[in-house]
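K.L.:
Turn this into a structure:
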Amino acid sequence: MPIQQLPSHLINQIAAGEVVERPASVVKELVENSLDAGAREVTVDIVSGGQKLIRIRDNGSGIDKSELALAMSRHATSKIGSLEDLESVASLGFRGEALPSIGSVARMSVTSRVAGADSAWQVETDNGVLEAPRPAAHPQGTTVEVNDLFYNTPARRKFLRTEKTEFSHIEKWVRRLALSRPDVAITLTHNRRVVLQLAVADSDDARLKRIAKICGEAFAEQAIRIEREVEGIALAGWIGLPTYNRSQPDMQFWFVNGRSVSDRTLAHAAKHAYRDVLFHGRFPAYVLHLSMDPASVDANAHPAKHEVRFRDGRRLHGVVSQTIELALRDTRPGGEVPVPVPAAKERFLGQGSMPLAQGPSRSAYSGTSSSAVRETLAAYGQFAAPSAPAGGASEEAAADIPPLGFAIAQLAGVYVLAENSDGLVLVDMHAAHERIVYEKLKRSYSDRQVVRQPLLVPVAVSVSENEANLVEDSGDTLQQLGLVVDRAGATSLLIREVPTVLRNADAEALLRDVLSDLSEAGSSNRVEDVIDDTLATMACHNSVRANRLLTLEEMNALLREMETTERADQCNHGRPTWTALTMTELDRLFLRGR
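P.N.:
Presented below is the predicted three-dimensional model:
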């Protein structure tokens, strides 16, 4: 066949193969157009999973009559006009392919009215054939109707799934878009039934309520608000507590300059921040908005704009990971308000095992009275002993009670029972002490430079020539990580020194993982992660064990340490360290007041 120019209709259908994968793709493109037009209200009406009808209505700026036909042609847009605009694009759409691509595989009409116009105007297209504009009744804004999607491309239609499945994809995208723009009211209907109706959310409380409707009440109740800006990179949103985790990464929402994206750099940064507080194989949940200079983000990296590229991914990774990690550090009893630890209690925990007494001064299982507890606590000197039980304490007395209260007993040699101003606190003493020891080991290790240990027999590693070159170029970086590696040949390396704490680790596997990270991202946290795993194991082995009876003084010292230890709400494996029952919950449990 000789080379020939393809007809415009066929070109549009080829473009539709990239832009219009399924009905959800149509919804995404059209709703993004509405948001770009400044709409404050968007209604999405779906019939038969989008195969029969997709209708998007908005109250945005609208399209002028003289531009309606042009809007239906390829590569026609009001969002960019030069290469400089493309390199710093801030709008969700910018290619000008959505309307003509959709119109080439469906029967479509566009009705629009701009501010100050006497009437609205409508254009229709069928199989790519555009009719002349005609007047219509419509308020300011735009309505796009897409009927019989893929009616003229039967092969594409056969790939569509059931009505329920296709609508689930539509609903997923609408929910994502609703999370990206809380300032816009969004309504979604299916077969004339309202499925989702969200009002404008213009405050943090309202935005959290919107998130609760989309991600569930459980997430909203266990989410932490974060907001931080570093060197022109602003990160804001909500991250789930480590105790709220998922078996799949299905509740991880990233928005870059308002665009919903999937990005490995961002996902890895968040995963790294949660590394100390989650079970292996579990995934965190979060809704995070990243704002930065549009010129530092390439939004033109994917045909459907699902992915972006960052000009400085390494710096971005560091900012994101550090911001989330800082927020997780305050997941401890009392939150961001640290409770001072009496100097006398420092002896409770050294750098190694806990120097506990071998036996309790009184039976840990006895029903110790509140007055006896207060007498013990009065000896502390730095804690005010309440003059009345927590349930009847005055506001001043309650304010003097620490977040975890004061110990009253030990249950089955496993749990510490305490009373605070709200009610009953239960603490898993091994999990809590494990976190305390781990954090102290990490601080001790980070306070001094990495100590390297020479290997008695250097470990020979066979690598590719590119990896060997990478070792030569990254010698300083490897030494900072505690690795001394020499090149012994074109494709061979010798590991001569490793961090002392990792002297029993698999040096070859460690080096290969580090080289893989350096090759892909230019940096590596691999050594740090392995060291943390080693310190976590040491902490586990040196923590107080179950069936160890503690004195009241030791129990209270444990509670005070928890209140000043970062990430104390979870142990090193992601298990919760404590829980509480308020007096209201206890009264409800025992039917008091009925």
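
K.L.:
Tell me where the model's unsure across the protein.
P.N.:
303-304, 336-399, 446-450, 520-524 (pLDDT under 70).

K.L.:
let's see 50
P.N.:
Within the chain, the segments meeting pLDDT under 50 span 336-393.

K.L.:
for it, longest strand please?
P.N.:
Counting by DSSP state E, the longest strand found in the chain is strand 452-462.

K.L.:
same for it, what does it pack against?
P.N.:
Applying 3 or more CB pairs under 8 Å, 6 or more residues apart in numbering; DSSP states H and E, one finds that strand 452-462 contacts strand 484-489, strand 492-499, helix 507-521. C-beta coordinates here come from the backbone N, C-alpha and C atoms, glycine included.

K.L.:
and after that strand, which helix or strand comes next?
P.N.:
helix 465-473 (DSSP states H and E).

K.L.:
returning to what we had before: centre of the chain versus the longest strand of the chain, how much separation?
P.N.:
39 Å (CA atoms, centre = their mean, to the nearest Å).

K.L.:
next one: stretch 18-35
P.N.:
25 Å.

K.L.:
buried stuff in the strand or helix carrying residue 436?
P.N.:
Using DSSP H and E, residue 436 sits within helix 429-446. Neighbour-count burial for helix 429-446 flags 429-442, 445 (criterion: 16 or more other CB atoms under 10 Å).

K.L.:
Enumerate the positions of the longest strand of the chain that are buried.
P.N.:
Buried-residue list, strand 452-462, by 16+ other CB under 10 Å: 452, 458-459, 461.

K.L.:
And for stretch 577-593?
P.N.:
577-578, 580.

K.L.:
Pull the residues that contact that stretch.
P.N.:
Stretch 577-593 is contacted by residues 333, 390-391, 404, 420, 422-428, 431-432, 435, 562, 568-571 when judged by CB atoms under 8 Å, 6 or more residues apart in numbering.

K.L.:
and with 6 Å instead?
P.N.:
391, 422-428, 431-432, 571 (CB atoms under 6 Å, 6 or more residues apart in numbering).

K.L.:
and the end-to-end length of it?
P.N.:
32 Å (CA to CA, to the nearest Å).

K.L.:
just how off-centre is that stretch within its chain?
P.N.:
Counting by CA atoms, centre = their mean, stretch 577-593 comes out at 32 Å from the chain centroid.

K.L.:
Return the closest of the contacts of stretch 577-593 with respect to residue 169.
P.N.:
Comparing the contacts of stretch 577-593 against residue 169 with CB to CB places residue 571 closest, at 38.6 Å.

K.L.:
Who are the contact partners of that closest one?
P.N.:
431, 434-435, 577.

K.L.:
which residue sits closest to it, ignoring its sequence neighbours?
P.N.:
Nearest residue to residue 571, sequence neighbours excluded (CB to CB, 6 or more residues apart in numbering): residue 431, at 3.7 Å.

K.L.:
I'd say the one you found and residue 574 touch.
P.N.:
No - between residue 431 and residue 574 there is no contact, the gap being 9.9 Å when judged by CB atoms under 6 Å.

K.L.:
those helices in the stretch 51-200 of the chain, which residues are they?
P.N.:
65-71, 83-87, 98-103, 154-158, 163-180 (DSSP state H, counting those that start in this stretch).

K.L.:
The last one: which residues count as buried?
P.N.:
Pointing back at helix 163-180 there. In helix 163-180, counting by 16+ other CB under 10 Å, buried: 163, 166-167, 169-171, 173-180.

K.L.:
again with the first one
P.N.:
Across helix 65-71, burial judged by 16+ other CB under 10 Å covers 65, 67-69, 71.

K.L.:
next one: the fourth one
P.N.:
Residues residue 156 are the ones in helix 154-158 that count as buried (16+ other CB under 10 Å).

K.L.:
Cool, thanks, talk later.
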